[in-house]
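S.K.: give me a 3D structure for the following:
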Amino acid sequence: MSANPKYSNKNKLEQNILLKISQSIIGTLDYEEVLQIISDGMSELLEIESAAIYLLEQENKLFLGATTPPLDANMPVGLRIAKLQDHPHIQKTIESKEPQYIRDTQTEALSQAEQVVVELRQLRSLIYFAFVQKNNVLGVLILGTSNKSRSFSKNEINLGQTVANQLSIGIQNARLHHELLEKNKNLVQNEAHLSNALLIAKLGHWEYDVHRDEFTFTDEFYSLYHTSADKEGGYKMSVKDYSKKFLHPEDSHIVREEINRAILNSDLKDCGDVEYKIIYTDTGKTGYITVRYKIIKNEKGEAIKFVGVNQDLTRQKQIEEELKKHRDHLQELVKEKTRELDNVIEKLKTINEELSDKNSIIDQQNQELIAIIENLKNTQSKLIQAEKMASLGILTAGVAHEINNPLNYIMGAYEALNSIFEHSDTIEKNSIETIMNSLKEGLERSITIVKELNQFSRNNSSHKEKCKLTAIIANCLNMINNQLKGKITVKKEFSDTDSEISGNIGELHQAFLNILINAYQAIADKGKITIKIYRDNNNLIIEIADTGSGIKEEDITKITDPFFTTKDPGKGTGLGLSIAYSIIKDHKGILEINSEIDKGTTVKVSFPL
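M.R.: This next block holds a predicted model:
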């Protein structure tokens, strides 16, 4: 009986496709290429329209590795990731490690995620194969039809599982290859990093073979000595040649002695270090090297190899030397400054002793100065009192005349009363009232004059009295009224504003009386004195202007100096305006004098309100 040609051709096709898949898996280690070959091969083998391979990356994470038709190369990686629990048929295949079959997706219960995939790829029948490596599921191979639903024969299922098993081998090989490439890449990077680190740290690695008595150096090692392997004839060198070429003559014995000591002395630790001087090959200058090494021993405890690193300490030694010089210099400076400081302290002690002596002198002089100031104060008080008495002397004649008038009233009234009492038996009431009124007027006038004199001569140090300047100036005018009569006209221009300030009534009487006395004494014959009181912003202004002889321009600045006077000798003390200036200043006021020869003088006084 001859074989069915159709069946024979199908077997041959299956064998060819399986062989192609196997050869492809063996022939490439590219991870994604393996996935795509299997996906395309299974689609052709089972005459299906769609195939997909999901890889299990974590316990609950799936990654879509390849599909037939192939995935868009620009498809974002994020869209190829899915959660295992969202695909229950894949999850069941992984858990059971057995093929799972969906005959018709239109009648099968699917999850939302599965429904999205089915609609996107237009799938009808699906079969799931787990590919396993050493009992670990690596992923799932999914085959599906798009045009119609269909069943899968046992042979097809076996073929699919066979390919899935080969897939696990291919994936494992690709992964191992990928990991090997990554490790090799990392190794190369690490070697480069190590080489850079050695260069930066100025470290040179070396090995020493005890049996061959031979060093093996690296490029970094040679760079420490300012040379290279090409210049020195290679990377290997004997201890003798190394010591001769690179070590300073004074330290050429050190390397051989250190090796012998480490080999022969079994009590030494496996690690050691040594330091010596070298000669740089390019400049011939001296450098410093520190060596740290480890001894490799065989099973008998015999040293067979040394491995170690050399580090250039030249710059460090130079810095240490410079620091030592600076430290020594600093110590010398400290000693020098200490000596200078001691000298300064001695000088300060001497100066302090001198100052102490001078302080005693100054204290004595201060006491004398205090006594002088006290005497000056007493003298000033006496001068002020003398000036006040001088002013009173000027006023005496006028005041006597002023008191004489009311006394005449009183004397006349007395004589009238006496005549009535002597010559009349009856006393008329009207006559008595007239005489009594004359007595009253004379007494009131006398009382007023005495009060005005009391205002001038009062002795009170307080500066907190309520001083009405219009009343004070009126009192002063009354006191000099007799000197003004028939000679000088007084014009008063007082505004309606309040003229009250806080001060000392007696002192202000004396100040304005002195100004007024100077004003009328400056008028030789007849003249006029104008007195204005008004407010200007926050100041109370008093202006006293006369039509006298005036003051020379060069005397204006000296007119308030003590004992300065423009009057003839014997006619003035030179203290009147000086005292007025001091009183006004004590009341926080300002005194200004403007004068013009033959036209008169204006004294302006301003007090802050």
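S.K.: next helix or strand past the worst-scoring helix or strand of the chain on mean pLDDT?
M.R.: Among the helices and strands of the chain, helix 429-457 carries the lowest confidence by mean pLDDT, DSSP states H and E, at a mean of 62. The helix or strand immediately downstream of helix 429-457 is strand 465-468, counting by DSSP states H and E.
S.K.: may I have that following strand as PDB, with CA atoms only?
M.R.: The C-alpha trace of strand 465-468 is given here as PDB (Å, rounded to 0.1, in the frame of the first residue of the first chain):
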ATOM      1  CA  GLU A 465       6.600 130.300  85.800                       C
ATOM      2  CA  LYS A 466       3.900 131.500  83.400                       C
ATOM      3  CA  CYS A 467       5.400 134.600  81.900                       C
ATOM      4  CA  LYS A 468       3.200 137.000  79.900                       C
END
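S.K.: now do the buried residues in the following helix or strand past it.
M.R.: Once the chain leaves strand 465-468, the next helix or strand it forms, by DSSP H and E, is helix 469-479. Buried positions in helix 469-479, judged by neighbour count with 16 or more other Cβ atoms under 10 Å: L469, T470, I472, I473, N475, C476, L477, N478, M479. C-beta coordinates here come from the backbone N, C-alpha and C atoms, glycine included.
S.K.: likewise for stretch 540-554?
M.R.: L540, I541, I542, E543, I544, A545, D546, T547, G548, S549, G550, I551.
S.K.: my understanding was that E57 contacts F63; is that so?
M.R.: Yes - between E57 and F63 there is a contact at 5.1 Å, judged by Cβ atoms under 8 Å.
S.K.: for K305, grab the count of nearby residues.
M.R.: 16 (other Cβ atoms under 10 Å).
S.K.: now D86, nearest residue through space, not along the chain?
M.R.: A113 (3.8 Å; Cβ to Cβ, 6 or more residues apart in numbering).
S.K.: residues touching that neighbour, list them.
M.R.: A82, K83, D86, H87 (Cβ atoms under 8 Å, 6 or more residues apart in numbering).
S.K.: including neighbour count, distance to A109 and pLDDT, could the residues you listed go into CSV?
M.R.: Output for the contacts of A113, formatted as CSV (neighbours: other Cβ atoms under 10 Å; distance: Cβ to Cβ, whole Å; pLDDT from 0 to 100):
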residue, neighbour count, distance to A109, pLDDT
A82, 17, 19, 91
K83, 11, 19, 92
D86, 15, 14, 93
H87, 22, 13, 94
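S.K.: for stretch 594-609, the averaged confidence score.
M.R.: Averaging pLDDT along stretch 594-609 gives 93.
S.K.: burial measure for M237, as a count.
M.R.: With other Cβ under 10 Å as criterion, M237 counts 20.
S.K.: on that earlier part again, and the furthest pair within the buried residues of stretch 540-554?
M.R.: The span of the buried residues of stretch 540-554, defined through Cβ to Cβ, is set by L540 and S549 at 28.9 Å.
S.K.: helix, strand or coil: sort out T560 for me.
M.R.: Of the three states, T560 takes coil under DSSP: H, G, I helix; E, B strand; the rest coil.
S.K.: among the contacts of A113, which one lies nearest to K12?
M.R.: The closest of these to K12 turns out to be H87 (Cβ to Cβ; 36.0 Å).
S.K.: show me where pLDDT drops low in the protein?
M.R.: Applying pLDDT under 70 to the chain picks out residues 1-8, 10, 25-32, 34-35, 188, 190-202, 266-269, 376-461, 567-574.
S.K.: and the longest strand for it?
M.R.: Ranked by residue count and defined by DSSP state E, the top strand of the chain is strand 286-297.
S.K.: about what we covered before: just to be sure, the residue nearest to D86 is in a helix?
M.R.: Yes - counting by three-state DSSP, A113 is found in a helix.
S.K.: picking that back up, nearest to L143, of the contacts of A113?
M.R.: Nearest to L143 among the contacts of A113, with distances taken as Cβ to Cβ, is H87, at 15.4 Å.
S.K.: show me the contacts for that closest one.
M.R.: L62, S111, A113, E114 are the contacts of H87 under Cβ under 8 Å, 6+ apart.
S.K.: what's the spacing between it and K61?
M.R.: 11 Å (Cβ to Cβ, to the nearest Å).
S.K.: now the strands for the stretch 451-600 of the chain?
M.R.: 465-468, 488-494, 500-503, 527-536, 539-546, 590-596, 600-608 (DSSP state E, counting those that start in this stretch).
S.K.: just the CA atoms of the third one, as PDB, please.
M.R.: The one in question is strand 500-503. The C-alpha coordinates for strand 500-503 follow below in PDB (Å, rounded to 0.1, in the frame of the first residue of the first chain):
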ATOM      1  CA  GLU A 500       2.700 133.600  77.400                       C
ATOM      2  CA  ILE A 501       5.800 131.400  77.700                       C
ATOM      3  CA  SER A 502       7.300 129.300  80.400                       C
ATOM      4  CA  GLY A 503      10.300 130.900  82.200                       C
END
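S.K.: give me the contact list for stretch 250-261.
M.R.: With Cβ under 8 Å, 6+ apart as the criterion, stretch 250-261 contacts 208, 239-240, 242-244, 247, 268, 272, 274, 276-278, 291, 306.
S.K.: just those: which are in strands?
M.R.: Going by DSSP E, the strands hold Y208, G272, V274, Y276, K277, I278, V291, F306 from those.
S.K.: surely F217 and W206 touch.
M.R.: Yes - using Cβ under 8 Å, F217 is in contact with W206, at 5.2 Å.
S.K.: quick one: distance of the host helix or strand of D230 to the chain centre.
M.R.: Take DSSP H and E as the rule and D230 turns out to sit in helix 229-232. Helix 229-232 sits 58 Å away from the centroid of its parent chain (Cα atoms, centre = their mean, to the nearest Å).
S.K.: what's in contact with that helix?
M.R.: F217, D219, Y222, Y235, K245, T281.
S.K.: ok, the third one to L141 distance?
M.R.: Between Y222 and L141 the distance, using Cβ to Cβ, works out to 57 Å.
S.K.: the two: which is more packed in?
M.R.: Taking other Cβ under 10 Å, Y222 and L141 do not tie; L141 has more neighbours (26 against 20).
S.K.: residues touching the more buried one, list them.
M.R.: 38, 42, 51-53, 128-131, 160, 163-164, 167.
S.K.: picking up where we left off before, can the strands of the stretch 451-600 of the chain go into TSV with extra columns for distance to I362?
M.R.: What follows is the strands of the stretch 451-600 of the chain, written out as TSV (distance: least, Cβ to Cβ, whole Å):
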stretch	distance to I362
strand 465-468	41
strand 488-494	54
strand 500-503	38
strand 527-536	48
strand 539-546	43
strand 590-596	37
strand 600-608	39
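S.K.: any idea which of these gets closest to N74?
M.R.: strand 600-608 (92.3 Å).
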